[in-house]
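*Asks:* My questions are about this predicted structure, shown below with the sequence.
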Amino acid sequence: MTRLAFHRPPRFAPPEPSNEPVTLPLPPEAGKGRNAGGWLAMILPVLSSVGMAGYMVTFGRPVIIAFGLLFVVVSVGVTIAMRSQMRSSNRRDARRQRARYRAHLEQARGTARANARRPARGQRGQSPESGEAVGDQHVP
């Protein structure tokens, strides 16, 4: 029986997988109850302008009546514009929160996958950091 000179580097124990749990934040809530006070804050100025216009109509002068009606029309227009702006702002905020949450999930997923690959690389004889096979160096 012949013996070959064979140099095999010693095996090393693979690194222990991290047992620390991955914490994920709760998903952003779908804006419930955020606009309940907003409607009241927008309706009250409209109601006060209608009351003021009614008072101006009782004077009976055409210029004051026209001014009162114009005041009501402007007040309703401003209320509608504020409501549409508030709605688009809420949509934009929800989109931004959703994107931020998805980015955080992707980062957590990448971290979890990297932690899962680390022991597998060690079992295959690869360096966990560089991915190169351990012992591939030429030993004379």
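*Replies:* In hand now; what should we look at? Numbering: from 1, shown residues only.
*Asks:* and the gap between the closest residue to M82 other than its chain neighbours and I80?
*Replies:* Of all residues not flanking M82 in the chain, M42 sits nearest, at 6.0 Å (CB to CB, 6 or more residues apart in numbering). From N, CA and C alone the C-beta is placed, and that goes for glycine too. With distances taken as CB to CB, to the nearest Å, M42 is found 9 Å from I80.
*Asks:* of the two, who's got more company?
*Replies:* Counted by other CB atoms under 10 Å, M42 and I80 do not tie: M42 has more neighbours, with 17 against 12.
*Asks:* For the more buried one, list the residues it contacts.
*Replies:* Neighbouring residues of M42 by CB atoms under 8 Å, 6 or more residues apart in numbering: 79, 82-83.
*Asks:* taking those residues one by one, which sit in helices?
*Replies:* Using DSSP state H, 79, 82-83 are the members of those that sit in helices.
*Asks:* quick one: secondary structure of A5?
*Replies:* The three-state label given to A5 by DSSP: H, G, I helix; E, B strand; the rest coil is coil.
*Asks:* Tell me, how many residues neighbour it?
*Replies:* The burial count for A5: 4, using other CB under 10 Å.
*Asks:* same check, this time on M82
*Replies:* 14.
*Asks:* How about the residue nearest to the spatial centre of the chain, nearest residue that isn't a chain neighbour?
*Replies:* With distances taken as CA atoms, centre = their mean, Q97 lies nearest the centre of the chain, 2.5 Å away. Closest residue to Q97 apart from its sequence neighbours, by CB to CB, 6+ apart: P28 at 4.0 Å.
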